[in-house]
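Q: Below: sequence and its predicted model.
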Amino acid sequence: YFGGYDPKNASLTLDVMFGETIPKSINEMQKFLIEHRRIASLYNKTLVLYESGQGLIGDGSAKDLGIQANRDRRMKTMYEMYYKSMLDIGMQGIKMHFSSVGRPSKYGSWGLLEATDQNKDTAYKYQGILQHMQTYYNCSVWSYGGCPNNCSAHGECLSSGSCACYYGYQGSDCSEVRYMDVVDCGYKCTFDQGSCELLRTEDEITRYFGCECEQGFFGTTCSLFNSTCNGNGEAIDLEVCSCYPGYAGDHCEVDCKCNGHGRCDANRTSCICDDGWRAGAGGCEWDCDCPEGVGCIGPGECGCSRACKYGSCYHGSCLCWAGAEGEACEVLRNESDGRTGVGLNLGGAAYWSTQWIFVDAMKQSSEWVPLRAADMGPGSWDTGEAMFLDSKGWPTRLGPRQVLGKLLMRNV
């Protein structure tokens, strides 16, 4: 096989591949075959190729240059150069190509054709081999004649005089287009908030339909509304806002200073704080009824009167770790209690780790990541939008059309 594609090389382009790396690989392959032919001649044997062709392998994605190169018309020239280089060194034996038909994937693009009914005008490896055979071998590899309208260049002329049409064409002379329609219009553009229209046609046979939204609507399927909720609510209809708790007004323009922990009062002038919270100078703050000298450590949560040396403070009392006891978990027991006889080495806490370190899996999760909301088109894992988080890293609210996500327990 010849190569010339390194998926790890981010600077590689198709122009560089066809102008430099693929021809270089073919030349290196020729040197390799010269040595093998020499060895075969020592034993009076003919050198044949069990498998041959390109061997460009990437990741199978839309950005895979290996797949793109196989679909590039310059691949025809590379195939002609490739098989001509074998004749140049005197190789007259059989050269088997791998393979005839196969869809491209992350495992490679091995087929001369991607489908048996692929339009041969776009099958450049196939064209390259046929041209090589036509030029250097005494055989005819082109279509038969005598078919209606020469199959309109959309099919193969068979010996019977009839046409075998390529995918997407039909009729006795393959002149009729059989469209493949790709429709992304939701439920008729969200109950007639737009119309489903033809957006474009590709490769003559593939039609793409999508929504053209009525005034005031937008989104892939016209399910979103143009409305000014000031980032403090969601539009549920044209110019109709559903405000987040703690905000009020026709356009959620009133901030009742709840800090995400309450709702506006009837007059929309102050906040009714949630349980465990009370109104403070800066909005809702923790509310605790704690003994003198004991601080508040959370909403309705009092701290401990003494620091927990080998434990955690929970509802005003120390919850001791295994092997510790005492009011402040200050005493370590010498004997094993049956739970501490075996230890486990732990790496750092990370969302990709296979270790399940915490009962609370969120403690081992990734940072929050802003995502694209539904119906906003192809998503992005990290949109870069600002997030509204509190001092402990928890979301307090979402931005307009925003979704937040995080990764956890990826390999558990």
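A: Looks like it came in fine.
Q: all contacts plus neighbour counts: C-alpha atoms, from now on.
A: Fine.
Q: Would you map the helices across the stretch 151-300 of the chain?
A: Secondary structure of the stretch 151-300 of the chain by DSSP state H, counting those that start in this stretch: the helices cover 188-192.
Q: which of the residues in the helix ranked longest in the chain are buried?
A: The residue-count maximum for a helix in the chain (DSSP state H) belongs to helix 22-42. For helix 22-42, a neighbour-count test (16 or more other CA atoms under 10 Å) marks I22, P23, K24, S25, I26, N27, M29, Q30, L33, I34, R37 as buried.
Q: for it, packing partners?
A: If you count contacts as 3 or more CA pairs under 8 Å, 6 or more residues apart in numbering; DSSP states H and E, helix 22-42 packs onto helix 74-88.
Q: and the closest residue to Q131 other than its chain neighbours, how far is that from G111?
A: Leaving aside its chain neighbours, Q131 sits nearest to E80 (7.3 Å; criterion: CA to CA, 6 or more residues apart in numbering). Counting by CA to CA, to the nearest Å, the gap from E80 to G111 is 16 Å.
Q: thinking again about what came up before, for the buried residues of helix 22-42, which one is nearest L49?
A: Using CA to CA, L33 is the member of the buried residues of helix 22-42 that lies nearest L49, at 9.8 Å.
Q: Next one: the closest one from M133, what distance?
A: Counting by CA to CA - L33 and M133 are separated by 20 Å.
Q: Check P395 too.
A: Remark: distance between P395 and M133 (CA to CA) = 66 Å.
Q: And W381, by the same measure?
A: In terms of CA to CA, W381 sits 49 Å off from M133.
Q: Check what pLDDT the closest residue to H97 other than its chain neighbours gets.
A: By the measure of CA to CA, 6+ apart, the closest residue to H97 outside its immediate chain neighbours is S52, 4.7 Å from it. We have a pLDDT of 93 for S52.
Q: what's the burial count for the residue nearest to Q131?
A: Here the count is done by other CA atoms under 10 Å, and E80 has 19 residues near it.
Q: now do C196
A: 20.
Q: what's the lowest-mean-pLDDT helix or strand in the chain packed up against?
A: Across the helices and strands of the chain, mean confidence by mean pLDDT, DSSP states H and E is lowest for strand 224-225: a mean of 81. Under the contact definition 3+ CA pairs under 8 Å, 6+ apart, strand 224-225 sits against strand 217-218, strand 233-237.
Q: on contacts alone, who are the packing partners of the first one?
A: Meaning strand 217-218. Going by 3+ CA pairs under 8 Å, 6+ apart, strand 217-218 lies up against strand 224-225.
Q: List the backbone torsions phi and psi for the residue of the chain most remote from its centre.
A: Distance to the chain centre peaks in the chain at E292, reaching 55.6 Å (criterion: CA atoms, centre = their mean). Backbone torsions of E292, given as degrees, to the nearest 10, read phi -60, psi 130.
Q: mind listing what it touches?
A: Listed by CA atoms under 8 Å, 6 or more residues apart in numbering, E292 has no contact partners.
Q: Just the pLDDT for it.
A: In this prediction, E292 carries a pLDDT score of 87.
Q: how far away is P148 from S175?
A: 10 Å.
Q: thinking again about what came up before, nearest to D255, out of the buried residues of helix 22-42: which one, please.
A: Taking CA to CA as the measure, I22 is the one of those closest to D255, at 63.4 Å.
Q: With adjacent residues omitted, what lies nearest to the closest one?
A: Nearest residue to I22, sequence neighbours excluded (CA to CA, 6+ apart): G4, at 4.4 Å.
Q: Do I have it right that that neighbour meets T21?
A: Yes: using CA atoms under 8 Å, G4 is in contact with T21, at 4.5 Å.
Q: can you put the helices and strands packed on strand 224-225 in CSV and add distance to K188 and mean neighbour count?
A: Putting these into CSV (distance: least, CA to CA, whole Å; neighbours: other CA atoms under 10 Å) gives the following:
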stretch, distance to K188, mean neighbour count
strand 217-218, 14, 19
strand 233-237, 18, 19
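Q: Let's have those in JSON lines, adding distance to N9 and mean pLDDT.
A: Below are these laid out as JSON lines (distance: least, CA to CA, whole Å; pLDDT from 0 to 100):
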{"stretch": "strand 217-218", "distance to N9": "39", "mean pLDDT": "86"}
{"stretch": "strand 233-237", "distance to N9": "44", "mean pLDDT": "84"}
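Q: per-residue pLDDT, T396?
A: Looking at T396, its pLDDT stands at 84.
Q: got it, and D337?
A: On the pLDDT scale, D337 is placed at 54.
Q: Same question for the one 10 residues further on.
A: For G347, the pLDDT comes out at 78.
Q: rewinding a little: who's more crowded, W381 and M133?
A: Between W381 and M133, counted using other CA under 10 Å, the more crowded position is M133 (16 against 12).
Q: average pLDDT across stretch 363-382?
A: 83.
Q: Identify all contacting residues around that stretch.
A: Under CA under 8 Å, 6+ apart, the answer for stretch 363-382 is 219-224, 349-351, 357-358, 383-387, 401-409.
Q: buried subset of these?
A: 219-224, 349-351, 387, 401-402, 404, 408-409.
Q: neighbours around I57, how many?
A: The number of residues packed near I57 is 22, by other CA under 10 Å.
Q: Report the secondary structure state of it.
A: coil (DSSP: H, G, I helix; E, B strand; the rest coil).
Q: list the contacts for it?
A: Y5, P7, G66, I67, K106, Y107, G108, S109.
Q: Not counting sequence-adjacent ones, nearest residue to E253?
A: Nearest residue to E253, sequence neighbours excluded (CA to CA, 6+ apart): N230, at 6.3 Å.
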